[in-house]
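# how would this look folded up:
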Amino acid sequence: RKESNMSGGSASGIRLAQDAVQAYETFKLDKKIRFIELALNDAKTEVGIVKTVPKTADAKADFDTFYGGLTAEEPRYFIYDFEYEKTGHGFRSKIVFVSWCPDTARIMKKMLYTSSKDSVKKSLQGLTKEIQANDFDELSYDIVMAAVDTK
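Now for the predicted structure:
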């Protein structure tokens, strides 16, 4: 079946909601939020905020909270402030865009999230790294660490 012809910033016509753009700008400046979870709204017209999760003193525990919230049925986008210590180089922080599109999600949802990803990312200036994950194994702490800890 052919998708209806929608105007907009992506192949799907779906855009990032303005409040999500504003939340991202605050996220970058305040450094108090660990991650922002984003999802397609019910009308399938825009991507908006599902929740924001504040930072705690334990960055690894925050990651476990993030990872534990992933589901095998629901694609999501995340903006994540990944903090870690690099031996000999000190404390690091990277803003990571995560596109979570599990293989087990419904095909139409996967298509909408995949076709909207670039439009969503274009609204988010200052991202350091992007991670596309389709399976839980592709989004473990060690995998994310390896992706952000580049020379």
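
# Contact partners for residue 45?
13, 14, 15 (C-beta atoms under 8 Å, 6 or more residues apart in numbering). C-beta: built from backbone N, CA, C; applies to glycine.

# Quick one: residues in contact with stretch 47-60.
14-17, 19-20, 23, 27, 31-41, 62, 65-66, 76-77, 81-84, 116, 120, 141.

# thinking again about what came up before, what is the lowest-pLDDT residue among the contacts of residue 45?
The member of these with the lowest pLDDT is residue 13, at 78.

# check contacts around residue 26.
residue 33.

# Please, which helix or strand holds it?
helix 18-30 (DSSP states H and E).

# So for that helix, mean pLDDT?
Averaged across helix 18-30, pLDDT comes to 95.

# which is the next helix or strand following that helix?
strand 33-40.

# Looking at the contacts of residue 45, which is nearest residue 100?
residue 14 (16.2 Å; C-beta to C-beta).

# List the contacts of the closest one.
Neighbours of residue 14 in contact, by C-beta under 8 Å, 6+ apart: 6, 8, 40, 44, 45, 46, 47, 112, 115, 116, 119, 120.

# quick one: which of the residues you listed is nearest to residue 70?
residue 40 (15.9 Å).

# What number of residues are in the vicinity of the nearest residue to residue 130 once chain neighbours are set aside?
Spatial nearest neighbour of residue 130, excluding adjacent residues (C-beta to C-beta, 6 or more residues apart in numbering): residue 97 at 4.7 Å. For residue 97, the neighbour count with other C-beta atoms under 10 Å is 19.
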